[in-house]
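# give me a 3D structure for the following:
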Amino acid sequence: MTAIIDYKAGNLTSVKLAFAALGAETVVTSDPKAIAAADRVVFPGVGAAKSAMDSLRSLGLVEAVKEAASAKPFLGICLGMQILFDHSEEDGGVDCLGILPGRVRRFPDGAGWKIPQIGWNEIFANDPRAFVKNYDEYYFVHSYYVEKNPYTVATACYAGVEFTAAVRKGDLFAAQFHPEKSGKLGLSLLRAFLKTPVR
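Residues are numbered from 1 along each chain as shown. Prediction:
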(Lines give C-alpha, C1' and ligand atoms only; values in the text may rest on other atoms or scores of the structure.)
Protein backbone atom coordinates (compact mmCIF):
# COMPACT_ATOMS: atom_id res chain seq x y z
CA MET A 1 0.00 0.00 0.00
CA THR A 2 1.18 3.51 -0.88
CA ALA A 3 0.06 6.34 1.41
CA ILE A 4 -0.49 9.77 -0.16
CA ILE A 5 -0.24 12.33 2.63
CA ASP A 6 -3.14 14.77 2.84
CA TYR A 7 -1.90 17.88 4.64
CA LYS A 8 -4.25 20.29 2.87
CA ALA A 9 -1.53 21.33 0.42
CA GLY A 10 -1.58 18.55 -2.11
CA ASN A 11 -2.55 17.91 -5.70
CA LEU A 12 -4.14 14.75 -4.38
CA THR A 13 -6.58 13.76 -7.12
CA SER A 14 -4.03 13.94 -9.94
CA VAL A 15 -1.45 12.03 -7.89
CA LYS A 16 -3.93 9.31 -6.94
CA LEU A 17 -5.13 8.95 -10.54
CA ALA A 18 -1.57 8.67 -11.84
CA PHE A 19 -0.83 5.81 -9.45
CA ALA A 20 -4.17 4.20 -10.29
CA ALA A 21 -3.16 4.24 -13.97
CA LEU A 22 -0.21 2.05 -12.93
CA GLY A 23 -2.43 -0.33 -10.97
CA ALA A 24 -1.04 0.80 -7.62
CA GLU A 25 -3.17 0.62 -4.48
CA THR A 26 -3.12 3.95 -2.63
CA VAL A 27 -4.77 5.60 0.34
CA VAL A 28 -5.07 9.38 0.81
CA THR A 29 -4.63 10.00 4.51
CA SER A 30 -3.87 12.45 7.31
CA ASP A 31 -3.53 9.62 9.85
CA PRO A 32 0.02 9.14 11.20
CA LYS A 33 -0.75 5.46 11.90
CA ALA A 34 -1.76 4.84 8.29
CA ILE A 35 1.42 6.55 7.10
CA ALA A 36 3.52 4.40 9.45
CA ALA A 37 1.80 1.24 8.20
CA ALA A 38 2.23 2.01 4.48
CA ASP A 39 4.91 0.34 2.35
CA ARG A 40 5.60 3.60 0.50
CA VAL A 41 4.76 7.23 1.12
CA VAL A 42 4.07 10.08 -1.29
CA PHE A 43 4.34 13.68 -0.04
CA PRO A 44 2.73 15.93 -2.68
CA GLY A 45 2.22 19.64 -2.43
CA VAL A 46 0.70 22.67 -4.11
CA GLY A 47 0.58 25.93 -2.19
CA ALA A 48 2.75 27.93 0.19
CA ALA A 49 5.41 26.82 2.64
CA LYS A 50 4.05 28.50 5.76
CA SER A 51 0.50 27.20 5.42
CA ALA A 52 1.86 23.74 4.60
CA MET A 53 4.04 23.69 7.71
CA ASP A 54 1.15 25.00 9.82
CA SER A 55 -1.05 22.18 8.51
CA LEU A 56 1.58 19.54 9.19
CA ARG A 57 1.87 20.73 12.78
CA SER A 58 -1.87 21.05 13.39
CA LEU A 59 -2.49 17.57 11.98
CA GLY A 60 0.33 16.04 14.03
CA LEU A 61 2.16 14.89 10.92
CA VAL A 62 5.65 16.35 11.36
CA GLU A 63 7.14 13.30 13.06
CA ALA A 64 5.23 10.90 10.80
CA VAL A 65 6.74 12.54 7.72
CA LYS A 66 10.25 12.53 9.20
CA GLU A 67 10.00 8.87 10.18
CA ALA A 68 8.61 7.83 6.80
CA ALA A 69 11.33 9.76 4.96
CA SER A 70 14.01 7.84 6.85
CA ALA A 71 12.44 4.38 6.93
CA LYS A 72 10.77 3.54 3.62
CA PRO A 73 10.51 4.49 -0.07
CA PHE A 74 9.40 8.13 -0.01
CA LEU A 75 8.48 10.48 -2.86
CA GLY A 76 8.18 14.26 -2.44
CA ILE A 77 6.58 16.36 -5.18
CA CYS A 78 6.92 20.15 -5.74
CA LEU A 79 6.15 21.87 -2.42
CA GLY A 80 6.48 18.38 -0.93
CA MET A 81 10.13 18.51 -1.96
CA GLN A 82 10.79 22.10 -0.87
CA ILE A 83 9.63 21.70 2.72
CA LEU A 84 11.89 18.70 3.22
CA PHE A 85 14.72 21.25 3.46
CA ASP A 86 15.84 23.52 6.30
CA HIS A 87 14.36 26.87 5.32
CA SER A 88 12.28 28.60 2.65
CA GLU A 89 12.27 32.30 1.72
CA GLU A 90 8.54 32.05 1.02
CA ASP A 91 6.09 33.95 3.23
CA GLY A 92 8.87 36.10 4.66
CA GLY A 93 10.94 33.10 5.72
CA VAL A 94 9.79 29.74 7.05
CA ASP A 95 11.65 27.02 8.94
CA CYS A 96 10.79 23.74 7.27
CA LEU A 97 11.27 20.07 8.18
CA GLY A 98 15.06 19.95 8.00
CA ILE A 99 15.12 16.38 6.67
CA LEU A 100 17.60 17.50 4.00
CA PRO A 101 20.15 20.32 4.30
CA GLY A 102 19.56 23.35 2.13
CA ARG A 103 17.46 26.40 1.39
CA VAL A 104 14.59 27.34 -0.88
CA ARG A 105 14.83 30.68 -2.71
CA ARG A 106 12.61 32.77 -4.95
CA PHE A 107 13.42 33.13 -8.61
CA PRO A 108 14.76 36.63 -9.38
CA ASP A 109 12.46 39.01 -11.20
CA GLY A 110 13.83 39.92 -14.59
CA ALA A 111 12.85 41.00 -18.07
CA GLY A 112 11.60 38.14 -20.17
CA TRP A 113 10.98 35.72 -17.30
CA LYS A 114 7.53 35.00 -15.96
CA ILE A 115 7.34 34.04 -12.30
CA PRO A 116 6.07 31.46 -11.51
CA GLN A 117 7.58 29.11 -14.03
CA ILE A 118 4.63 27.22 -15.50
CA GLY A 119 5.22 24.63 -18.17
CA TRP A 120 7.62 22.07 -19.52
CA ASN A 121 11.33 22.29 -18.79
CA GLU A 122 14.31 20.15 -19.70
CA ILE A 123 16.22 18.51 -16.87
CA PHE A 124 19.83 17.39 -16.58
CA ALA A 125 20.47 14.23 -14.58
CA ASN A 126 23.85 13.70 -12.94
CA ASP A 127 23.16 10.53 -10.98
CA PRO A 128 21.97 7.08 -12.14
CA ARG A 129 19.64 6.89 -9.11
CA ALA A 130 17.64 9.89 -10.29
CA PHE A 131 14.79 7.96 -12.00
CA VAL A 132 15.24 10.48 -14.86
CA LYS A 133 17.57 10.99 -17.82
CA ASN A 134 19.38 13.90 -19.41
CA TYR A 135 17.14 16.09 -21.55
CA ASP A 136 13.88 14.56 -20.36
CA GLU A 137 11.16 17.21 -20.07
CA TYR A 138 8.78 17.48 -17.12
CA TYR A 139 6.02 19.84 -16.08
CA PHE A 140 6.89 22.53 -13.51
CA VAL A 141 4.76 25.05 -11.59
CA HIS A 142 6.79 27.05 -9.05
CA SER A 143 8.05 30.48 -7.99
CA TYR A 144 10.63 29.10 -5.55
CA TYR A 145 13.45 26.63 -6.06
CA VAL A 146 15.80 24.47 -4.01
CA GLU A 147 19.46 25.44 -4.27
CA LYS A 148 21.89 22.80 -5.48
CA ASN A 149 22.99 20.65 -2.56
CA PRO A 150 24.82 17.36 -1.83
CA TYR A 151 21.69 15.33 -2.64
CA THR A 152 20.90 16.97 -5.98
CA VAL A 153 20.64 14.28 -8.68
CA ALA A 154 19.07 16.40 -11.45
CA THR A 155 18.97 20.10 -12.26
CA ALA A 156 17.05 22.46 -14.52
CA CYS A 157 17.49 26.11 -15.51
CA TYR A 158 15.06 29.01 -15.39
CA ALA A 159 15.32 32.78 -14.96
CA GLY A 160 19.09 32.50 -15.20
CA VAL A 161 19.25 30.06 -12.26
CA GLU A 162 20.42 26.45 -12.29
CA PHE A 163 18.32 24.83 -9.60
CA THR A 164 17.62 21.41 -8.11
CA ALA A 165 15.05 19.50 -10.13
CA ALA A 166 15.35 16.28 -8.11
CA VAL A 167 17.09 14.92 -5.02
CA ARG A 168 17.87 11.42 -3.79
CA LYS A 169 19.02 10.24 -0.37
CA GLY A 170 18.74 6.51 0.09
CA ASP A 171 15.09 5.57 -0.42
CA LEU A 172 14.01 9.22 -0.35
CA PHE A 173 13.40 10.73 -3.78
CA ALA A 174 11.86 14.15 -4.42
CA ALA A 175 11.19 16.24 -7.50
CA GLN A 176 10.41 19.92 -8.06
CA PHE A 177 8.39 19.02 -11.14
CA HIS A 178 5.05 17.19 -11.22
CA PRO A 179 5.43 13.61 -12.49
CA GLU A 180 1.66 13.15 -12.24
CA LYS A 181 1.26 15.91 -14.87
CA SER A 182 4.21 14.89 -17.05
CA GLY A 183 2.71 12.27 -19.33
CA LYS A 184 4.52 9.03 -20.13
CA LEU A 185 7.83 10.14 -18.62
CA GLY A 186 6.10 11.05 -15.39
CA LEU A 187 4.36 7.69 -15.22
CA SER A 188 7.69 6.01 -15.90
CA LEU A 189 9.18 7.79 -12.90
CA LEU A 190 6.27 6.77 -10.68
CA ARG A 191 6.61 3.19 -11.89
CA ALA A 192 10.30 3.20 -10.97
CA PHE A 193 9.40 4.55 -7.53
CA LEU A 194 6.90 1.73 -7.04
CA LYS A 195 9.62 -0.80 -7.84
CA THR A 196 11.91 0.53 -5.08
CA PRO A 197 12.36 -2.42 -2.70
CA VAL A 198 10.61 -2.13 0.64
CA ARG A 199 12.90 -2.73 3.61
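# what about the longest strand belonging to the chain, distance to the chain center?
Ranked by number of residues, the top strand in the chain under DSSP state E is strand 161-169. Centroid separation for strand 161-169 versus its chain: 10 Å, with Cα atoms, centre = their mean, to the nearest Å.
# mind listing what the most centrally placed residue in the chain touches?
Closest residue to the average C-alpha location of the chain: residue 77 at 2.2 Å, with Cα atoms, centre = their mean. Taking Cβ atoms under 8 Å, 6 or more residues apart in numbering, we find residue 77 in contact with 11, 15, 42, 43, 44, 45, 174, 175, 178, 179, 180. All C-beta atoms are positioned from the backbone trio N, CA, C, and that covers glycine.
# one more time with 6 Å, if that's ok
Residue 77 makes contacts with residue 44, as judged by Cβ atoms under 6 Å, 6 or more residues apart in numbering.
# for residue 36, same thing?
Here residue 36 is in contact with no residue (Cβ under 6 Å, 6+ apart).
# would you agree it falls within a strand?
No. Secondary structure of residue 36 (DSSP: H, G, I helix; E, B strand; the rest coil): helix, not part of a strand.
# what about the nearest residue to residue 162 once chain neighbours are set aside, how many neighbours?
Among residues not flanking residue 162 along the chain, residue 155 sits closest, at 5.3 Å (Cβ to Cβ, 6 or more residues apart in numbering). Neighbour count of residue 155, defined by other Cβ atoms under 10 Å: 18.
# could I get the full set of helices for this structure?
For the chain, helices defined by DSSP state H occupy the ranges 12-21, 32-37, 49-58, 62-71, 79-82, 183-194.
# run through who's touching the fifth one.
So that's helix 79-82. Residues outside helix 79-82 that contact it (Cβ under 6 Å, 6+ apart) are 9, 43, 44, 45, 47, 52, 88, 104, 174, 176.
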